[in-house]
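**Student:** sequence plus the predicted model coming up.
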Amino acid sequence: MLARMDATASSITTRTRRLGDRIGDRLLHGLTAAAALLSVALVAAIVWRIIDGAVPAIEHFGIDFIWSTDWNPVQNEFGAAQFIIGTVVTSFGALILAAPLSIAIGLFLSELAPSSVRGPIGTLVEMLAAVPSVVIGLWGIFVMAPFVSQHIEPFLIDWLGWLPLFSGPASPSGVFPAMLVLTIMIIPISSSICRELFIGVPDELEEGSLALGATRWEMVKGVVIPSVKGGVVAAIILGLGRAFGEAIAVTQVIGNSDQLHRSIFAPGDTLASRLANQYQGAVTDLQISALIYLALILLVITFVTNVIAQLIVRRFDLQRAGGS
């Protein structure tokens with residue numbers, strides 16, 4: 001009986017639907033499919049162009065390029081190890097600093113802040129993402145770096161200088177200032193997404209937890225965060241992707257050294273920063289290919305990171321659904 005009613009309703013809808021509606025449906029389907037295929041084709045074209053440009057360096061240096069620390073354009077000796085390490089250290093260092101701050105900002109704006117300040121503070125945090133990276137880099141040079149080298153780095157050296165990571169003299173340009181700049185650039189993206197995730201938690205869950213006697217902290221820890229932890233991980237990884245690819249702001253504060261140092265206070269360099277610094281001034285075809293090889297490595301790192309993030313998010317979704 002229900003099947004007959006559904007078929008009757010479908011036939012009536014088909015008869016009464018105008019020609020323009022049917023054309024609109026097909027047009028919408030075609031446009032959306034074309035947009036999806038175009039994005040896939042664009043990614044494939046980017047990957048192909050980077051691989052094609054890196055082939056001469058791959059054939060010349062092979063896999064040894066990844067762990068070689070040589071970078072001498074005069075003698076056509078190139079290696080990526082110090083830039084890979086610089087990228088990983090600055091990006092994950094920024095992630096360690098930005099993740100708790102982003103979650104805290106999202107919780108404050110969604111759960112704790114008075115309604116009169118949620119809008120202004122949220123808008124200001126989101127506006128920080130619109131500040132050009134070159135402006136943040138200039139602020140880092142003239143404001144942040146002197147303060148860090150005069151106050152924060154000496155404090156860390158006094159308390160943690162026995163560790164190689166925090167050894168050496170304080171410096172206004174180095175890996176640590178680059179980490180702080182990347183932290184500032186990650187926070188607006190991650191905190192905005194976290195805020196929307198926390199707002200999306202059903203009110204019934206929060207009110208039910210409070211009605212059962214939970215404190216607000218227990219409600220946040222036991223209800224809000226577990227409900228959206230997969231999305232929070234995705235938001236943090238999205239910020240990490242921004243950190244991996246940032247070039248201009250990092251270039252302005254990292255010191256641009258091709259030497260490998262143990263201390264985060266010493267100058268360094270990243271894959272993206274080296275590309276921004278030397279691609280336009282490359283003098284040989286092998287140097288250009290080596291720089292594109294760096295871009296290929298950066299692309300692989302970003303791809304692997306996103307795949308891992310998707311696996312983590314899927315695991316959280318399975319746990320939430322009661323799977324294993």
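**Tutor:** Structure's in. What do you need?
**Student:** CA only for contacts and neighbour counts going forward, please
**Tutor:** OK.
**Student:** can you list the weak-confidence ranges in the chain?
**Tutor:** Counting by pLDDT under 70, the chain has low-confidence residues at 1-21, 319-324.
**Student:** longest helix anywhere in this protein?
**Tutor:** Among all segments of the chain classified by DSSP state H, the helix with the greatest residue count is helix 19-61.
**Student:** distance from the chain centre to that one, please.
**Tutor:** 22 Å (Cα atoms, centre = their mean, to the nearest Å).
**Student:** for residue 284, give me phi and psi.
**Tutor:** phi -130, psi 160 (degrees, to the nearest 10).
**Student:** burial of it, as a residue count?
**Tutor:** By other Cα atoms under 10 Å, 12 other residues sit near residue 284.
**Student:** ok, it to residue 274 distance?
**Tutor:** 16 Å (Cα to Cα, to the nearest Å).
**Student:** what's the answer for residue 285, then?
**Tutor:** Separation of residue 285 from residue 274 (Cα to Cα) stands at 16 Å.
**Student:** neighbour-wise, which of those two wins?
**Tutor:** residue 274 (21 against 13).
**Student:** now do the contacts for that one.
**Tutor:** 83, 251, 256, 291 (Cα atoms under 8 Å, 6 or more residues apart in numbering).
**Student:** from the residues you listed, which land in helices?
**Tutor:** When DSSP H is applied, these are split such that 83, 251, 291 fall in helices.
**Student:** my guess is residue 56 meets residue 289, correct?
**Tutor:** Yes: counting by Cα atoms under 8 Å, residue 56 touches residue 289, with 6.1 Å between them.
**Student:** of the two, who's got more company?
**Tutor:** Legend: neighbour count by other Cα under 10 Å for residue 56 and residue 289, higher for residue 289 (23 against 19).
**Student:** is it correct that that one is in contact with residue 55?
**Tutor:** Yes: counting by Cα under 8 Å, residue 289 touches residue 55, with 7.3 Å between them.
**Student:** tabulate the contacts of residue 274 in TSV, adding columns for distance to residue 138 and neighbour count.
**Tutor:** Formatted as TSV, the contacts of residue 274 follow (distance: Cα to Cα, whole Å; neighbours: other Cα atoms under 10 Å):
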residue	distance to residue 138	neighbour count
83	22	27
251	10	24
256	15	20
291	25	26
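**Student:** format the residues you listed as JSON lines; extra columns: distance to residue 108.
**Tutor:** Listed next are the contacts of residue 274 as JSON lines, based on distance: Cα to Cα, whole Å:
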{"residue": "83", "distance to residue 108": "37"}
{"residue": "251", "distance to residue 108": "33"}
{"residue": "256", "distance to residue 108": "37"}
{"residue": "291", "distance to residue 108": "43"}
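**Student:** how near is residue 248 to residue 140?
**Tutor:** As judged by Cα to Cα, residue 248 and residue 140 stand 12 Å apart.
**Student:** okay, the two: which has more neighbours?
**Tutor:** Taking neighbours as other Cα under 10 Å, residue 248 and residue 140 compare with residue 140 leading, 24 against 19.
**Student:** how about the contacts made by the more buried one?
**Tutor:** 177, 181, 252-253.
**Student:** again with residue 126
**Tutor:** Counted by Cα under 8 Å, 6+ apart, residue 126 has contacts 188-189, 192.
**Student:** most surrounded residue in these?
**Tutor:** Counting neighbours by other Cα under 10 Å, the top entry in the contacts of residue 126 is residue 188, with 23 neighbours.
**Student:** any idea how far residue 273 is from residue 138?
**Tutor:** 15 Å.
**Student:** ok, now residue 287?
**Tutor:** Counting by Cα to Cα - residue 287 and residue 138 are separated by 29 Å.
**Student:** neighbour count winner among these two?
**Tutor:** residue 287 (23 against 16).
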